[in-house]
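Participant: Provided below for reference: sequence and predicted model.
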Amino acid sequence: MVNGVTRVRGVAARAGGWSARHRWAAVVIWVLFVVLAMGIGSAAGRIDVKDNQLPGEVGQAQKIIDDAGLEEPAGETVFIQAIDGSTKATDPSFRAAVDDVLKAVDGTGQVTKVTSPYTAKTLSKDGRSALVQFEVRGKADTAPERITPVLDAVKKVQGEHKELRIEEIGSASMGKTFKDAFGDDFKKAEYSAVPVALGILLIAFGALVAALLPVALALTAIIATMGLMAIVSHVQAMSDTANSVMLLVGLAVGVDYCLFYLRREREEREAGRDAQTALRIAAATSGRAIIVSGVTVCVAMAGMLFTGLAEFEAMGLASLMVVAVAMVGSVTVLPALLSLLGERVEKGRLPFLNRIKRGKRGRSNSNGESRIWRAVLGAVLRRPKAALVMAAGALIAISLPALGMHTQNLTLDQEFGDSLPIVGTYDRVNQTFPGGASPANVVIKAADINAPQVKQAIADFRTQSISRGASDGPIKITLHSAENVAVVDVPLIGGSDQKKAEKSLDLLRDHIRPDTLGKVHGLDAPITGQVAGSKDFNARIVGAVTPVFAFVVVFAFLLMLLCFRSLTIAITSIVLNLLSVGAAYGILTAVFQHGWGASLVGAEGVGAIVSWLPLFLFVILFGLSMDYHVFVVSRIREAHLQGRSTRDAIQHGVVTTAGVVTSAAIIMVAVFAIFGTLSMQSMKQMGVGLATAVLIDATVIRGVLLPAVMALLGERNWYLPTWLRWLPDLTHDESAAAPPVTAHHGEDDRDRVVRV
C-alpha cells in the first residue's frame with residue numbers, strides 16, 4: 001500500500017487505473033483509433049475472396065479460366081412450358097411465344113448468343129417445354145446488377161402469353177435473387193439487433209446512459225474492425241459473409257464485456273465503496289475476466305484459420321479482430337468513460353422500470369444476489385450428484401441426434417423454400433430438364449485444344465456421359481481455341497436432388513473422365529459447378545474438423561490452466577463447453593434435418609445442415625461459452641481466495657453473477673434469435689443453433705452442471721500438480737477488496753454512494 005492506495009497486479013487493473021487517471025486521453029485515443037481505422041480502411045478498399053480460392057476442383061477450374069484471361073459470362077435460360085396438356089412446343093402459338101422471347105431479350109442490349117430451342121434442340125422429351133438460352137454481356141460477377149431489364153422483358157412476354165409459363169433462371173437472375181434476399185435478411189437483422197440489445201440493457205440497468213454505453217462501445221468496435229478488415233484484406237481476402245459474422249460476434253461480445261464491467265462497478269458502489277475504489281475493483285476483477293475471456297475467444301476464432309478455406313479464414317480473422325478490439329475498448333475507454341461520467345451514468349432513469357425494480361427488490365438480497373438462483377443453487381448443492389446426473393443426462397440425450405448429422409451446401413429450394421418464385425422455376429426446370437438449372441462444368445486445358453486426340457477425347461466424354469447414365473443431355477461444348485481451353489456443360493441426372501446429383505458427378509469424375517479425357521497426356525479437366533462446389537467444400541470442411549477441434553480445445557485448455565492455475569478447472573471447462581456444443585448440434589439436427597418441431601421456425605423440408613455451420617458453431621460457441629464460464633469461475637475463485645469454503649464460494653460466485661449472466665444471455669439469445677426468423681435456411685440454422693446453445697449454456701451449464709461438479713470436487717477444484725507449479729502465475733486476482741466506505745454528513749454530493 002502506497003499513500004493509502006492498494007497496489008494491484010494485472011494488465012486489466014493497470015489499464016483501468018491508467019484510463020481512470022488519464023480519462024480524456026483514453027477517450028481521445030479510442031476515438032482517433034476508430035476514425036483512423038475506418039478512414040484508412042475506406043481509402044485502401046476491401047479485397048474479397050475470389051472463386052479461384054475455393055477448394056478442390058472448383059478452384060482449379062477457376063484458375064484455368066483466370067490464367068487464360070477468359071471472362072466466363074453469366075448464362076441465363078428462359079423456361080417456356082405449356083400449362084395445359086395439349087399444347088406442344090411445335091404448335092404455332094408456342095413458336096410465336098418463343099420468337100417473342102428471343103426478340104425481347106435480344107432487344108434489351110444486355111445479352112448475347114441468344115439461342116433458339118429449335119436450333120439448339122433444347123426441347124423436353126414430352127414436347128411441352130423448351131429452353132431459350134443466352135449469355136449476359138460483361139463480367140459475370142456484376143451480371144446480377146444488370147439483369148433487371150432482361151427479367152422485365154421476359155415478364156412482359158409472359159403477360160402476353162398467359163396460356164404458357166414463361167420464366168427466367170440462371171446464374172445472374174439467381175444471383176440477384178440471392179443477393180436481394182440476403183441483403184433484406186441482414187438489414188432486418190442489423191436494424192433489429194441494436195434496438196433489441198438496447199431495450200434489454202434498459203431493463204437491466206433502468207437508466208438510459210448506462211444502457212447506451214455498452215451499445216456505443218460495441219458499435220465503435222465494429223466500425224473500427226470494418227476499417228481493419230479492409231486493410232487486412234490486402235493480405236487475407238475478406239467477404240460479405242465475414243462482415244456479417246463480424247457484426248454478429250462484435251455486438252454480442254462488445255455488449256457482454258461492457259455489461260460485465262458495468263455491473264461489477266455498480267455492485268461495488270452499492271456495497272458502499274467510493275467511486276474510485278469501485279472502479280479499481282471492477283478493473284482488477286471483471287476487467288481481468290474480460291481479458292481472459294477475450295483471449296480465449298480469439299484463440300477459438302483462430303481455429304478457423306486452419307480450415308484451408310478462404311471464406312472461413314476471412315470469417316475467423318474478422319471475428320478475431322472484432323473480439324480483440326472490443327476487449328481492448330472494454331478495459332481502456334470504458335473505465336475512462338465511467339470515471340468521466342461518475343454518477344451521471346445513472347442519468348435517464350426510467351421511472352416505470354425503477355418502480356418495478358423497487359417493487360421486486362425482495363427477489364435479491366442486499367448484496368445483489370439473486371434469490372431465484374439462490375433457491376435453484378440450494379437444491380443443486382444439497383444433491384449435487386442427482387443434479388449432475390439429471391443435467392448431464394438431459395444434455396447427452398439432446399446431443400444424440402447429432403450422431404446422424406448430414407451436411408451439404410443447401411440448394412436454392414432448400415435455402416428459400418417456397419418464399420421466392422424463382423425456387424419454383426428452379427424445380428420445374430430440373431424436373432423437365434434434369435440438371436439443367438445447375439449443370440456440371442468441365443473446364444479442359446490442353447497444349448492444343450484442336451488436336452485430333454483432344455477433340456476425340458471430348459467427343460467420347462460427351463457420348464459416355466449420356467450412355468453411362470451421368471446425364472440426359474443436352475451437353476454443350478464451348479471452344480476457346482486461342483486460349484486452348486474448352487468448357488463442357490453437363491446437366492447431371494439427379495437435378496436438385498443433391499445426393500443423386502453427386503452420384504452422377506462421381507461417375508463423371510471417377511470413371512468417365514479417366515476413360516476419355518484422362519487418356520490424353522498433359523490435359524487437365526477439373527469439374528466445377530454447383531454440385532461440385534458443394535461436394536468439394538463439404539469434403540474440405542470434414543477434413544478440417546480434426547485439426548480445428550484439436551487446436552481450439554488444446555489452446556483453451558492451456559489458457560484456463562494458466563489463468564486459474566488449476567488442472568481441474570481447465571478440464572471441467574473443456575468438458576462443459578463440449579456438452580453445450582453437443583446439445584446445440586443435437587437440436588440443429590433434430591429440427592432442420594429430421595423436422596422435429598421444424599414448423600415452429602419455418603424450416604420444413606430442409607433435410608440437411610448447411611455444411612459450414614457445424615464447424616462455425618463449434619468455434620463461435622466454444623469461444624462465447626468462455627464469456628460466462630470465465631466470469632462465473634473467476635468470481636468463485638475470488639471468493640475462495642478471500643477465505644470462503646469452496647461450497648460457500650460456489651454459492652456466492654453463482655448467485656452474485658446470475659444477474660449479469662442472465663442479462664448477457666438474454667441479449668445474445670435475442671440477437672441470435674432474430675437470425676432464426678430470417679428467410680434463408682442457413683441463417684435460420686445459425687440463429688437457432690447459437691440461440692439455443694447460449695440459452696443452455698447460461699442456464700443448465702452455468703446454473704446447474706458447473707456448481708454440481710465443483711461441489712462434488714470440493715478442494716480438488718484448485719488442484720495443480722507439483723510438476724506444473726513452474727507454470728507462470730497469470731491469476732492476478734483482486735482478492736482483498738477495499739472495505740466499504742460510508743458517506744458522512746457534509747460530504748460533497750459527488751462522493752456519495754448512489755444505491756439503485
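Facilitator: Received it, and whenever you're ready, just let me know what you need.

Participant: Nearest spatial neighbour of residue 156, chain-adjacent residues omitted?
Facilitator: residue 104 (6.6 Å; Cβ to Cβ, 6 or more residues apart in numbering). For the C-beta atoms, the positions are set from N, CA and C on the backbone; glycine is no exception.

Participant: Against which helices or strands is the strand or helix carrying the one you found packed?
Facilitator: Element membership of residue 104 [criterion: DSSP states H and E] is helix 92-107. Contact analysis of helix 92-107 by 3 or more Cβ pairs under 8 Å, 6 or more residues apart in numbering; DSSP states H and E lists strand 74-82, strand 111-115, helix 117-120, strand 129-136, helix 148-160, strand 164-170 as its packing neighbours.

Participant: can you tell me the average pLDDT over it?
Facilitator: Averaging pLDDT along helix 92-107 yields 92.

Participant: Can you show me the CA trace of that helix as CSV?
Facilitator: Taking Å, rounded to 0.1, in the frame of the first residue of the first chain, the C-alpha atoms of helix 92-107 are listed here in CSV:
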residue,chain,number,x,y,z
PRO,A,92,-47.7,-22.1,-83.9
SER,A,93,-48.8,-20.4,-80.6
PHE,A,94,-45.8,-21.8,-78.8
ARG,A,95,-43.4,-20.9,-81.6
ALA,A,96,-44.8,-17.4,-81.5
ALA,A,97,-44.1,-17.1,-77.8
VAL,A,98,-40.5,-18.4,-78.4
ASP,A,99,-40.0,-15.8,-81.1
ASP,A,100,-41.3,-13.0,-78.7
VAL,A,101,-38.9,-14.2,-76.0
LEU,A,102,-36.0,-14.2,-78.5
LYS,A,103,-36.8,-10.6,-79.7
ALA,A,104,-37.5,-9.3,-76.1
VAL,A,105,-34.3,-10.5,-74.5
ASP,A,106,-32.1,-9.5,-77.6
GLY,A,107,-33.8,-6.1,-77.7
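
Participant: starting at the chain centroid, how far to it?
Facilitator: Centroid separation for helix 92-107 versus its chain: 45 Å, with Cα atoms, centre = their mean, to the nearest Å.

Participant: Kindly report the same for stretch 280-297.
Facilitator: Relative to the chain's own centre, stretch 280-297 is displaced by 25 Å; criterion: Cα atoms, centre = their mean.

Participant: how about the CA coordinates for stretch 272-281, as CSV?
Facilitator: C-alpha atoms of stretch 272-281 as CSV (Å, rounded to 0.1, in the frame of the first residue of the first chain):
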residue,chain,number,x,y,z
GLY,A,272,-20.8,1.2,0.0
ARG,A,273,-17.4,1.7,-1.8
ASP,A,274,-16.4,5.1,-3.2
ALA,A,275,-16.4,5.5,-7.0
GLN,A,276,-12.6,5.3,-7.3
THR,A,277,-12.4,2.0,-5.3
ALA,A,278,-15.4,0.5,-7.1
LEU,A,279,-13.8,1.3,-10.5
ARG,A,280,-10.4,-0.2,-9.3
ILE,A,281,-12.0,-3.4,-8.1
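
Participant: What ranges does the chain have for its strands?
Facilitator: According to DSSP state E, the chain carries its strands in the segments 74-82, 111-115, 129-136, 164-170, 407-408, 440-445, 476-480, 485-490, 527-528, 609-610.

Participant: a markdown table please, covering the helices and strands packed on helix 92-107 and showing distance to residue 64 and mean pLDDT.
Facilitator: Listed next are those as a markdown table, based on distance: least, Cβ to Cβ, whole Å; pLDDT from 0 to 100:
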| stretch | distance to residue 64 | mean pLDDT |
| --- | --- | --- |
| strand 74-82 | 18 | 90 |
| strand 111-115 | 21 | 90 |
| helix 117-120 | 25 | 88 |
| strand 129-136 | 19 | 91 |
| helix 148-160 | 28 | 92 |
| strand 164-170 | 22 | 91 |
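
Participant: I'm done for today, thanks for sticking with me.
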